[in-house]
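In: Build me a structure from this.
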Amino acid sequence: PHEGGTILLSLLALIIGQIGDLPSLTVASLLFDLFARSVQLIVVRRFFPPQVMHWFGAWTVLSIPGILPWSVVNYGLHSLAAFVPFALLWLAFREHKGVRGHMLDGLAIGGMIWFSYSTIALLPLYLFFRRDLFRVPRHWLMFFGACAGLLGLHMLVRSPADPGFHLSGFSPASIRGMALDSPVGKFINNVDHLWTSSFPGSSMLPPMMGLSTIFMQHIWALFMFAGSIGCVFAWARRRTVERQVLFCVLAVLLFGFTYAASPFFHERPDRTAFVHYRHWAFILPMVTLMAIAGLSRFRYALAPLLLHGLLCAIGAGLLFAAGKSDERTFKETGYVLAIKFGHDPGRLSSLARNYPEAEADLFRGAGWGSAEILLAFHEPTQRDLDTLAALMSRYSARERPWFREGLALALSRDVMRHLRPDFREQVREMIPTPNKADRP
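Out: Numbers count the residues shown, from 1 in each chain. Predicted structure coming up:
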């Protein structure tokens, strides 16, 4: 309930599930992806020249690998919410007069915040370009009143409904237990890696023509940088006409800086799993629009546009040509189960027992996930260690050794490298060894 997009997609999946023997979650995801891309294309057609529309339309089909996986993954909401920056651009520049238009804007933005909290990062940009909102007090009162009213309804849905995630301390001030605290400190620590590591890595371009992954990703980032420079020059020459390209540049910068100040920041560009870059999927279509709009302003625009298109097309082709991995991911599934149901071992066990072939790995993943949730994403206390030990004791004697093996896996992960030595030793005491009998 606290992630508004899941409510909408769940309802859509329930409806689709009544129509024959369809994979309802996948179909719901694909249908909403169609909606998101359609919004993007409609907005680009409305505010940008035909050349930009054509190149951006081609890119939506042959986009960088960083976008494609999330477009078809069930509940890949960061990608499915990528229509939001485009919708905000339309709202910021659409023509309307009177209270009714501002009230509708407030309802629309409140709904988009409910769907994806990433919308909040770009709200200041809407307010900056919609300065007519503040000319008449009644206008901004209706706008903020409509937005606050809808978000108040969201909080009523979010707070009393049980979303799980109790191990991670579900609260209005957190998202899945990730506390939204110390943003300035996080920003100072992360900003130097933002555009040099995190952003290039989000493209997920593979090695090509003997060139390394890192090299190709930075080549892509240079295209994006060149496009942003083209946008700034175009705006400087014709400020009134080119406000939309300035909106794109500022949206990318604002999202990037907000991401650097968040607990979700991921700086390593060498990850091969797209889940590590999922937050960037929200803004990457607008990044590409910015680059295409900026590159098209150059005197010899065809060459860089074609090279950028080829780079993305080859990367997408290599993604599909790589073949499907047969690697089992039951541990990862157990980790996800622990995130949501780790506080209730009985419920988690009843789910895992339905899959005998995966049962052992599901419990290993549950141990891994429970340890990380309690010890890795905030400053842990002795109470967290006691909670982990108490949870372990609630699994059956048959399940407990698998759970404890998951604790060993958790200690080997990077996110646990800062765990206090005495806490690490207490976790090791819970891990089974050949000479240690399982204790109740």
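In: Number of residues surrounding A221?
Out: 22 (other CB atoms under 10 Å). The C-beta positions use only the backbone N, C-alpha and C, and glycine is treated the same way.
In: buried residues in the helix or strand where it lies?
Out: In this structure, A221 sits in helix 213-237 according to DSSP states H and E. Residues of helix 213-237 classed as buried: 213, 216-221, 223-224, 226-228, 230-232, 234-235 (neighbour count, 16 or more other CB atoms under 10 Å).
In: is it true that I292 touches F56?
Out: Yes: assessed by CB atoms under 8 Å, I292 is found in contact with F56 at 5.4 Å.
In: Comparing these two, which shows the higher neighbour count?
Out: When I292 and F56 are compared for neighbours, I292 comes out ahead with 29 against 21, by other CB under 10 Å.
In: list the contacts for that one?
Out: Applying CB atoms under 8 Å, 6 or more residues apart in numbering to I292 gives the contacts V52, W55, F56, W59, G227, L305, H308.
In: Can you give me the distance of it to F223?
Out: In this view, I292 and F223 are 10 Å apart by CB to CB, to the nearest Å.
In: Show me whatever sits in contact with both of those two.
Out: Shared contacts of I292 and F223 (CB under 8 Å, 6+ apart): H308.
In: can you tell me the average pLDDT over the following helix or strand past the helix holding A221?
Out: Where DSSP H and E defines the elements, the next helix or strand beyond helix 213-237 is helix 243-260. Averaged over helix 243-260, pLDDT sits at 95.
In: Could you check how sure the model is about the helix or strand just after helix 243-260, as an average pLDDT?
Out: Moving toward the C-terminus from helix 243-260, the next helix or strand (DSSP H and E) is helix 284-295. Helix 284-295 shows a mean pLDDT of 96.
In: With just CA atoms, put helix 284-295 into PDB.
Out: The C-alpha trace of helix 284-295 is given here as PDB (Å, rounded to 0.1, in the frame of the first residue of the first chain):
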ATOM      1  CA  LEU A 284      16.900   7.800 -18.200                       C
ATOM      2  CA  PRO A 285      14.300   8.400 -20.900                       C
ATOM      3  CA  MET A 286      14.400  12.100 -20.200                       C
ATOM      4  CA  VAL A 287      18.300  12.000 -20.100                       C
ATOM      5  CA  THR A 288      18.100  10.600 -23.600                       C
ATOM      6  CA  LEU A 289      15.600  13.200 -24.700                       C
ATOM      7  CA  MET A 290      17.900  15.900 -23.400                       C
ATOM      8  CA  ALA A 291      20.800  14.300 -25.300                       C
ATOM      9  CA  ILE A 292      18.900  14.000 -28.600                       C
ATOM     10  CA  ALA A 293      17.500  17.500 -28.300                       C
ATOM     11  CA  GLY A 294      21.000  18.900 -27.600                       C
ATOM     12  CA  LEU A 295      22.900  16.900 -30.300                       C
END
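In: mean confidence for the next helix-or-strand element following that helix?
Out: Per DSSP H and E, the first helix or strand lying C-terminal to helix 284-295 is helix 302-321. Model confidence over helix 302-321, given as mean pLDDT, is 91.
In: which residues are contacting helix 302-321?
Out: Contacts to helix 302-321, defined as CB under 8 Å, 6+ apart, come from residues 55, 58-59, 62-65, 68-69, 203-206, 208, 216, 219-220, 223, 226, 291-292, 295-296, 298.
In: Go ahead and flag the most central residue of the chain.
Out: H279 (2.8 Å; CA atoms, centre = their mean).
In: give the contact list for it.
Out: Counting by CB under 8 Å, 6+ apart, H279 touches H78, S118, Y259, S262, F264, H266.
In: can you rerun that using 6 Å?
Out: Going by CB atoms under 6 Å, 6 or more residues apart in numbering, H279 touches H78, F264.
In: Could you check how far it is from L253?
Out: Counting by CB to CB, the gap from H279 to L253 is 15 Å.
In: just I219 next, same as before
Out: For I219 relative to L253 (CB to CB), the value is 21 Å.
In: just P49 next, same as before
Out: P49 is 23 Å from L253, by CB to CB.
In: Comparing these two, which residue is more hemmed in?
Out: Under the criterion of other CB under 10 Å, the comparison of P49 against L253 puts L253 first, with 15 against 12.
In: Can you verify S396 is assigned to a helix?
Out: No: assignment of S396 by DSSP: H, G, I helix; E, B strand; the rest coil gives coil, placing it outside any helix.
In: And it, what's its pLDDT?
Out: pLDDT for S396: 94.
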